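*Asks:* here's my sequence, what's the structure:
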Amino acid sequence: LSLARSLSHARARSLFLYLRRSCVRCFGGPKLLRWRTAKMTDAGAAAAPAAADGGDHVAPRLGLRQFSRKVADKVVHFQMLRMAGSVLVWAGMDARVNCLALSMPSRQDGQLPPIAELLGAGSEAGPVAQRLAKRTGLQCFVSVSVPTGLDVLLPLIEKTILAELETMPEPDVPDT
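*Replies:* Numbers count the residues shown, from 1 in each chain. Okay, the predicted model is just below:
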């Protein structure tokens, strides 16, 4: 993951292993996960493997988008990994990961979703993850790397993320 470039190797590996364990049912097992992540295309979806019986293709269960947008005269880079029921979003101006927050939609209407800060403390990623989880109903992992003093970009970054999520299809969940 280019998301983990600024993390130490050990922290990046433990983050990847955590995400892999928590989402393995979405990918169809560890071997298929390695195959799918190796076969990512720049179009944004995983290439579908052939079915075991040689028939139809298996639908992609993972979507990846990397893009850059000009937000208030600043270029912001985005990377979004869409899984069934969840999304991992990184947005920033440079290749750093200072924080990572997780928020899940609340089961009760009207309540704000809970936030867990996985990396960093007191960052701007927590409230962004909370609002994204409330609006989308998805489990949201969010990392936002915006320099100090440019926090006014956060609502515009959030709006860009929401617009892009609307165009990303929900990956299929395998029947168990």
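*Asks:* all helices of this protein, in order?
*Replies:* 9-27, 30-38, 125-136, 154-167 (DSSP state H).
*Asks:* lowest mean pLDDT across those, which one is that?
*Replies:* Per-stretch mean pLDDT for these is lowest at helix 30-38 (a mean of 44).
*Asks:* from residue 130, how far out is residue 83?
*Replies:* Going from residue 83 to residue 130 by Cβ to Cβ, to the nearest Å gives 19 Å. Glycine gets a C-beta too; all of them are placed from N, C-alpha and C.
*Asks:* could you do residue 122 as well?
*Replies:* Distance of residue 122 to residue 130, computed by Cβ to Cβ: 14 Å.
*Asks:* same thing with residue 167?
*Replies:* If you go by Cβ to Cβ, the gap between residue 167 and residue 130 works out to 22 Å.
*Asks:* who has more neighbours, those two?
*Replies:* residue 130 (22 against 8; other Cβ atoms under 10 Å).
*Asks:* tell me how many other residues surround residue 77.
*Replies:* Around residue 77 there are 16 residues (other Cβ under 10 Å).
*Asks:* in stretch 80-98, what counts as buried?
*Replies:* 80-84, 86-93, 97-98 (16 or more other Cβ atoms under 10 Å).
*Asks:* tell me which two of those residues sit farthest apart.
*Replies:* Largest separation among the buried residues of stretch 80-98 by Cβ to Cβ: 84 and 93, giving 30.2 Å.
*Asks:* run through the residues that contact the closest residue to residue 79 other than its chain neighbours.
*Replies:* In space, and not counting its chain neighbours, residue 79 is closest to residue 90: 4.5 Å by Cβ to Cβ, 6 or more residues apart in numbering. With Cβ atoms under 8 Å, 6 or more residues apart in numbering as the criterion, the residues that contact residue 90 are 3, 78-80, 97, 142-145.
*Asks:* tell me the pLDDT at residue 90?
*Replies:* 95.
*Asks:* gap between it and residue 139?
*Replies:* 16 Å.
*Asks:* next one: residue 113
*Replies:* The value you get for residue 113 to residue 139, if Cβ to Cβ is used, is 9 Å.
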